[in-house]
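Participant: structure, please.
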Amino acid sequence: MEPIKLHEFRHSCVSNLLASGLPVRVVARWVGDTEEVILQTYSHLIPDEKDQIAQFIGSLSGTPTISQ
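Facilitator: Got it, this is the predicted structure:
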């Protein structure tokens, strides 16, 4: 079994922070990268704004929403 590298923990941490919806600017500043670097590397993990809007509207009406 190969030893786990520190960079792998960093990647997992950044991935989880972005997937949870934290702003790119905040995550980039925390890990010492630029927003551009974060977006180039992790953009596929950033929640779609349409899904966030649909969830918010659904929470107001009590109607469950289905994201695509």
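Participant: nearest residue to the middle of the chain?
Facilitator: Taking CA atoms, centre = their mean, the centroid of the chain lies closest to Leu18, which sits 1.8 Å from it.
Participant: Asp33: neighbouring residues, count only.
Facilitator: Taking other CB atoms under 10 Å as the neighbour definition, Asp33 ends up with a count of 18. C-betas here are computed from N, CA, C, even on glycine.
Participant: hang on, isn't Val31 packed against Ser15?
Facilitator: No. The pair Val31 and Ser15 does not pass the contact test of CB atoms under 8 Å, sitting 11.2 Å apart.
Participant: ok so, going back, and for the nearest residue to the residue nearest to the centre of the chain once chain neighbours are set aside, the neighbour number?
Facilitator: If the residues on either side of it in the chain are set aside, Leu18 comes closest to Leu45, at 4.8 Å by CB to CB, 6 or more residues apart in numbering. Summarising burial for Leu45: neighbours were counted as other CB under 10 Å, giving 14.
Participant: which phi and psi values does Lys5 adopt?
Facilitator: Lys5 has phi and psi values of phi -90, psi 150 when expressed as degrees, to the nearest 10.
Participant: number of nearby residues for it?
Facilitator: Here the count is done by other CB under 10 Å, and Lys5 has 9 residues near it.
Participant: kindly report the same for the one 3 residues further on.
Facilitator: Around Glu8 there are 10 other residues, counting by other CB under 10 Å.
Participant: in which helix or strand would I find it?
Facilitator: Under the criterion of DSSP states H and E, Glu8 resides in helix 6-19.
Participant: after that helix, next one along is what?
Facilitator: Note on helix 6-19: by DSSP H and E, the next helix or strand toward the C-terminus is helix 24-31.
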